[in-house]
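Undergrad: 3D model of this:
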Amino acid sequence: SVATLADDVIPADVRDALLAAVASRAAPVDRAWTLRAALDRVLAVAAPRTGAAAPPPAPPAPARTTAAAPVPATSIVLDRTGFATTFERAAASLDARDRTGALALVDDAVRRLGNDSRAGARLATASAAAASGEVSGVTALRRLLLELRDDFRFEPMREAETPAGWPTPTTVGEVELKRYPAYRMARADGAGNSGFFTLFNHIKRNDIAMTAPVQMDYERTDGSSSGAMGFLYGDPSIGRAGREGAVEVVDVPASVVASIGVRGPLGSRAFEEARAALEAWLARHPEWAAAGPVRSMGWNSPFVERERQFFEVQLPLTASRP
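TA: Model prediction:
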């Protein structure tokens, strides 16, 4: 129907872009976002000519990990609620002895999650084991579905405001490509109480609000030697960069990271598993290279229950040269 519209309603270049998006053979996710962008362009052009209301702006498209793909302003946003509902429905189907229906839901979720999804890989393995009908395989699949449902529904407890323009927390167990805005950070050497109270006294003395998360930079890529703890300012305009005793206030430029979300307290084993997941992701994406050692972003204080604590492990990235 768009192809039949006159040029005075839809310019030829806009019409051709839409028809190209329809005919595209790109991956389904890429094709959907290209089509959405083309449709929005059609509506934006047509609205003032026909009197129709202009469409609201589209949300940012998830970036695909190719060298030419733009990185989103925030995290790659999974439909966490939708996937959690699918996992719950599949588990309910197993409870109702509808194994065929459950496996169909799981297979669809695996397809939509994509090849990079750790949850998708686990589901594919569990689904194959359950397909035979063995009780142990079905039971294991049901247990995994409920675990993933809870992980995808998980929201970190917000004990403080995040800095301006900060992206949403990373999905538990998933590696996401994220862009961080430039921010100002007070940094002190050491981990634990020493670094924390040095920084806490600094922000208290300067009447600066506490924010979350708290950043930990590591001297070595395995995280075994902690380098510096950082408190993030709510806005880069607050205070000024420079050294103040044991604290150094630095301006951190905008960056791209691979990030994975982890539930529970930050321990060496959980950190190591997360770091290994990031390295495996990086090995599959030669278009990116590590731009520095791993870091963590801790969202909660020790006063939060262990099962409600949350942190992210992140690897700074730079685009590889062709």
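
Undergrad: Please make it C-alpha for all contacts and neighbour counts, starting now.
TA: Fine.

Undergrad: now stretch 123-142, how far from the centre of its chain.
TA: From the chain centre to the centre of stretch 123-142 is a distance of 28 Å (CA atoms, centre = their mean, to the nearest Å).

Undergrad: meant to ask about stretch 120-138, not that
TA: The offset between the C-alpha centroid of stretch 120-138 and the centroid of the whole chain comes to 27 Å, using CA atoms, centre = their mean.

Undergrad: got the end-to-end distance for that stretch?
TA: Criterion CA to CA, to the nearest Å; first-to-last residue distance in stretch 120-138 is 17 Å.

Undergrad: pLDDT below threshold where in the stretch 101-250 of the chain?
TA: With pLDDT under 70 as the threshold, the stretch 101-250 of the chain has low-confidence stretches at 191-193, 219-226.

Undergrad: Please repeat the previous calculation with a cut-off of 80.
TA: For the stretch 101-250 of the chain, the stretches with pLDDT under 80 are 190-194, 219-227.

Undergrad: where along it do the helices fall?
TA: With helices called from DSSP state H, counting those that start in this stretch, the stretch 101-250 of the chain shows them at 118-130, 135-153, 192-205.

Undergrad: Distance to residue 272 and mean neighbour count for those - can I get that in a markdown table?
TA: Conversion of the helices of the stretch 101-250 of the chain to a markdown table gives the following (distance: least, CA to CA, whole Å; neighbours: other CA atoms under 10 Å):
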| stretch | distance to residue 272 | mean neighbour count |
| --- | --- | --- |
| helix 118-130 | 16 | 18 |
| helix 135-153 | 19 | 19 |
| helix 192-205 | 18 | 15 |
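
Undergrad: now those helices in a markdown table, with distance to residue 317?
TA: Shown next, in a markdown table, are those (distance: least, CA to CA, whole Å):
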| stretch | distance to residue 317 |
| --- | --- |
| helix 118-130 | 20 |
| helix 135-153 | 25 |
| helix 192-205 | 26 |
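
Undergrad: Quick one: closest of those helices to residue 90.
TA: With distances scored as CA to CA, the stretch of the helices of the stretch 101-250 of the chain nearest to residue 90 is helix 135-153 (7.4 Å).

Undergrad: Out of the helices of the stretch 101-250 of the chain, which is closest to residue 264?
TA: Of the helices of the stretch 101-250 of the chain, the one closest to residue 264 (CA to CA) turns out to be helix 135-153, at 11.5 Å.

Undergrad: Which elements pack onto that closest one?
TA: Judged by 3 or more CA pairs under 8 Å, 6 or more residues apart in numbering; DSSP states H and E, helix 135-153 is in contact with helix 80-95, helix 118-130.

Undergrad: Residue 307 and residue 300 touch, don't they?
TA: No: the pair residue 307 / residue 300 is not scored as a contact, 11.1 Å apart, by CA atoms under 8 Å.

Undergrad: Which of the two has more residues huddled nearby?
TA: Neighbour comparison, residue 307 and residue 300: the larger count goes to residue 300, with 24 against 9 (by other CA atoms under 10 Å).

Undergrad: What sits closest to the more buried one if chain neighbours are left out?
TA: residue 309 (5.7 Å; CA to CA, 6 or more residues apart in numbering).

Undergrad: Please apply the same query to residue 241.
TA: Take residue 241 and drop its neighbours on the chain: the residue closest to it by CA to CA, 6+ apart is residue 249, 4.7 Å away.

Undergrad: about what we covered before: which among the helices and strands packed on helix 135-153 is found nearest to residue 182?
TA: Within these, the stretch nearest residue 182 is helix 80-95; the backing value is 27.0 Å (CA to CA).
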